[in-house]
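Asker: Sequence and computational prediction follow.
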Amino acid sequence: MSLPSHVRLVEVGPRDGLQNEAQPISVADKVQLVDALSAAGLGYIEVGSFVSPKWVPQMAGSAEVFAQIQRKPGVIYGALAPNLRGFEDALAAGVKEVAVFAAASEAFSQRNINCSISESLERFAPIMAAAQQQGVSVRGYVSCVLGCPYEGQVAPEQVAAVARELYAMGCYEVSLGDTIGTGTAGATRRMFEVVGKDVPRAKLAGHFHDTYGQAIANLYASLLEGINVFDSSIAGLGGCPYAKGASGNVATEDVLYLLNGLGIETGIDMDKLLVAGQQICSVLGRPTGSRVARARSAS
């Protein structure tokens, strides 16, 4: 299969990237990050999450962030809304697109959100109904598609079953996430082959963590399967509190370097992206997780 000519990146750094940070991050710093990502040309930025601050302290203040960011025309500013209350709060904050998430692993679903996969999907029904009524788009996430910290390997057929349900419920796109970063290129291609029989590949996205250093290889394998939407996180921020040893998402800078080298259009400015990464890493007081950013800063 030939490579796609254009790829859309979904920047998850402000949400998935920051939610596991130990130190508090101010609303002003979050706003600066989102605005810097907008300036770099990202067309989709997941700004925050409307969940209880008791469970995810770093996502407190998401409504204030949405109120203060400089929204650029044509850019989607999304948010995670795992329940109806979260959806209503997101709607009040002016969010036009939300995301819901389910797991491909029963054990992970129980440990993460204290319910079975089928129960988690049932919880989304009122969100989907309200979103349709309000004209809000819904994106779906499936976690642990290439491995689970509790169950080990996850069958591609199980991933397909969950993705199929989310798509049938009304998710316009389903992002398949290697939450613990154990996937390999061969397993990635097999997974998309199986899931692609139930959900059109044009409606699928890839979400890779770099725990074993395989994220870029898995992303390239996905390109070969016709996937042209990928989640990534500025400076490789992120992790998973329920997956021991899981490192951050694949760095947006590194993905852009790959795509630029393949001649694939993204509309993203590398220099501005590097600045955004430097700024947030300075705020966090930590080194970047992007290999490209480290190489550029050393040259």
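Answerer: Nice, I can see it.
Asker: can you give me the strands in this structure?
Answerer: 8-11, 44-49, 76-80, 97-103, 137-143, 173-178, 204-208, 229-232 (DSSP state E).
Asker: can you list those strands in a markdown table and add distance to residue 60, mean neighbour count and mean pLDDT?
Answerer: For the C-beta atoms, the positions are set from N, CA and C on the backbone; glycine is no exception. Written out in a markdown table, the entries for those read as follows (distance: least, Cβ to Cβ, whole Å; neighbours: other Cβ atoms under 10 Å; pLDDT from 0 to 100):
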| stretch | distance to residue 60 | mean neighbour count | mean pLDDT |
| --- | --- | --- | --- |
| strand 8-11 | 21 | 24 | 98 |
| strand 44-49 | 9 | 26 | 97 |
| strand 76-80 | 13 | 24 | 98 |
| strand 97-103 | 18 | 24 | 96 |
| strand 137-143 | 21 | 24 | 97 |
| strand 173-178 | 24 | 26 | 98 |
| strand 204-208 | 24 | 26 | 98 |
| strand 229-232 | 23 | 25 | 98 |
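Asker: Could you export those strands as JSON lines, including distance to residue 87?
Answerer: Formatted as JSON lines, the strands of the chain follow (distance: least, Cβ to Cβ, whole Å):
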{"stretch": "strand 8-11", "distance to residue 87": "19"}
{"stretch": "strand 44-49", "distance to residue 87": "12"}
{"stretch": "strand 76-80", "distance to residue 87": "9"}
{"stretch": "strand 97-103", "distance to residue 87": "6"}
{"stretch": "strand 137-143", "distance to residue 87": "9"}
{"stretch": "strand 173-178", "distance to residue 87": "17"}
{"stretch": "strand 204-208", "distance to residue 87": "21"}
{"stretch": "strand 229-232", "distance to residue 87": "20"}
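Asker: among those, which is nearest residue 19?
Answerer: Comparing the strands of the chain by their distance to residue 19 (Cβ to Cβ), the top pick is strand 44-49, with 6.6 Å.
Asker: partner strands of the closest one, parallel or antiparallel?
Answerer: When pairing is defined by DSSP bridges, strand 44-49 lines up against strand 8-11 (parallel), strand 76-80 (parallel).
Asker: For the stretch 101-250 of the chain, give me the ranges with low pLDDT.
Answerer: 239-246 (pLDDT under 70).
Asker: For it, which segments are assigned as helices?
Answerer: Secondary structure of the stretch 101-250 of the chain by DSSP state H, counting those that start in this stretch: the helices cover 106-113, 117-134, 156-169, 185-195, 215-224.
Asker: Of all the strands of the chain, which one is nearest residue 297?
Answerer: strand 229-232 (19.1 Å).
Asker: Extract the C-alpha trace of that closest one and format it as PDB.
Answerer: The C-alpha trace of strand 229-232 is given here as PDB (Å, rounded to 0.1, in the frame of the first residue of the first chain):
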ATOM      1  CA  VAL A 229      -4.200  10.100  11.600                       C
ATOM      2  CA  PHE A 230      -1.900   9.900  14.700                       C
ATOM      3  CA  ASP A 231      -1.900  11.100  18.200                       C
ATOM      4  CA  SER A 232       1.300  12.500  19.600                       C
END
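Asker: Contact partners for the closest residue to residue 178 other than its chain neighbours?
Answerer: What sits nearest to residue 178 in space, not counting adjacent residues and going by Cβ to Cβ, 6 or more residues apart in numbering, is residue 146, at 4.3 Å. Contact analysis of residue 146 by Cβ atoms under 8 Å, 6 or more residues apart in numbering lists 154, 178, 182, 183, 184, 187, 188, 191, 218.
Asker: With residue 163 instead?
Answerer: Here residue 163 is in contact with 140, 142, 174, 176, 195, 198, 199, 204 (Cβ under 8 Å, 6+ apart).
Asker: rerun that using 7 Å as the cut-off
Answerer: Counting by Cβ atoms under 7 Å, 6 or more residues apart in numbering, residue 163 touches 142, 174, 176, 195, 198, 199.
Asker: What of residue 272?
Answerer: 39, 40.
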